[in-house]
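everything below, folded, please.
(one chain, ligands or ions: 1)
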Amino acid sequence: MSNPNEKRQAGEAAIRFVEDGAIVGVGTGSTVAFFIDALADLKDRIQGAVSSSEQSTAQLKRLGIPVLDLNSAGPLTIYIDGADECDPYKRLIKGGGAALTREKIVAAASEKFVCIIDSSKRVDLLGKFPVPIEVIPMARSLIGREIVKRGGQPVWRDGVVTDNGNWIIDVHGWQIADPAALESELNQLPGIVTVGLFARRPADVVLIGDREM
Ligand SMILES: O=C[C@H](O)[C@H](O)[C@H](O)COP(=O)(O)O
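Residues are numbered from 1 along each chain as shown. Okay, the predicted model is just below:
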């Protein structure tokens, strides 16, 4: 069961990775919300943040933290984000909040990815949490069939539209022995925008509560 106290501890502990003058990559979700609250206390010491979602942008702006565009911000030193599952190799499932595409972009643009979770997210094998996949709407059925061919059960997150105007399919029933290979394979399918597996670029540091994994 998710532990809000550990989420808050992780969000606050991640502040130690923020250096003076940094532009901070900011993820999305209830754990990141604690991080953003803590970041507000440092707002005069950083240049600003690059956000991964409209939700995080709204919170950052409300707290007076400048939100910068990734194209002008350039490479970032640090990205802080939550996850839905994390394995012993710091490979992740993300996208429970439908923000996976921008999250993967900001993570890729950052030198160090610090993942903040509570202990309920730690697993030995990824796949108990359904894998979110962002798809172009016209490809929903096509991608659904491709997932069934690969042993998964696709469930359309009906009614959810991502910040990019796309849809989400959640894949149940995968026990993922080689997440990087599955991520690469799915990345080849026309119509898939982003796979919620962060295995080719795992986290660099994982904080479970205030404890480093
Ligand atoms: O799309 C959402 C993100 O990948 C979140 O980082 C993930 O779902 C974890 O969210 P939370 O911190 O609320 O458990």
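
residue numbers of the chain in contact with the ligand?
27-31, 81-84, 94-100, 103 (CB under 6 Å from any ligand atom). From N, CA and C alone the C-beta is placed, and that goes for glycine too.

what sits against the residue nearest to Gly21 when sequence neighbours are not counted?
Of all residues not flanking Gly21 in the chain, Gln47 sits nearest, at 6.2 Å (CB to CB, 6 or more residues apart in numbering). Gln47 sits next to Gly21, Ala22, Ile23, Pro66, Leu68 when contact means CB atoms under 8 Å, 6 or more residues apart in numbering.

the host helix or strand of Ser56: which residues count as buried?
Using DSSP states H and E, Ser56 maps to helix 54-62. By 16 or more other CB atoms under 10 Å, the buried positions in helix 54-62 come out as Gln55, Ser56, Thr57, Gln59, Leu60.

what do you get for stretch 196-210?
For stretch 196-210, the neighbour count (16+ other CB under 10 Å) marks Gly196, Leu197, Phe198, Ala199, Pro202, Ala203, Asp204, Val205, Val206, Leu207, Ile208, Gly209 as buried.

contacts made by the top strand by length along the chain with the rest, please.
Longest strand in the chain, counting residues (DSSP state E): strand 110-117. Identification of contacts with strand 110-117 by CB under 8 Å, 6+ apart yields 6-7, 10-11, 13-14, 17, 25, 31-32, 35, 75-83, 86, 90, 92, 107, 201-208.

that strand pairs with which strands, parallel or anti?
Strand 110-117 has the following strand partners under DSSP bridges: strand 76-81 (parallel), strand 205-208 (parallel).

re the thing from before, buried members of the contacts of Gln47 into PyMOL, please.
To isolate the buried ones among these in PyMOL, judged by 16+ other CB under 10 Å, type:
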select buried, resi 22+23+68
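
the contacts of Gln47 in strands, which ones?
Among the contacts of Gln47, DSSP E puts Ile23 in strands.

how about the helices in this protein?
4-13, 30-39, 54-62, 70-73, 100-108, 140-149, 179-187 (DSSP state H).

quick one: low-confidence parts of this structure?
For the chain, no stretch is flagged by pLDDT under 70.

try it again with 90
Along the chain, the parts satisfying pLDDT under 90 run over 1-2, 74, 213.

any of the residues of the chain next to the ligand buried? List them.
27-29, 31, 81-84, 94-100, 103.

adding distance to Ala181, write the buried residues of helix 54-62 out as JSON lines.
Formatted as JSON lines, the buried residues of helix 54-62 follow (distance: CB to CB, whole Å):
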{"residue": "Gln55", "distance to Ala181": "31"}
{"residue": "Ser56", "distance to Ala181": "31"}
{"residue": "Thr57", "distance to Ala181": "34"}
{"residue": "Gln59", "distance to Ala181": "36"}
{"residue": "Leu60", "distance to Ala181": "36"}
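
can you report how many residues lie near the closest residue to Lys128 other than its chain neighbours?
Of all residues not flanking Lys128 in the chain, Glu85 sits nearest, at 6.8 Å (CB to CB, 6+ apart). Applying other CB atoms under 10 Å, we find 26 residues neighbouring Glu85.

Glu85 reaches Val131, doesn't it?
No - under the criterion of CB atoms under 8 Å, Glu85 makes no contact with Val131, lying 9.1 Å away.

what do these two both touch?
Common neighbours of Glu85 and Val131 (criterion: CB under 8 Å, 6+ apart): Ile93.
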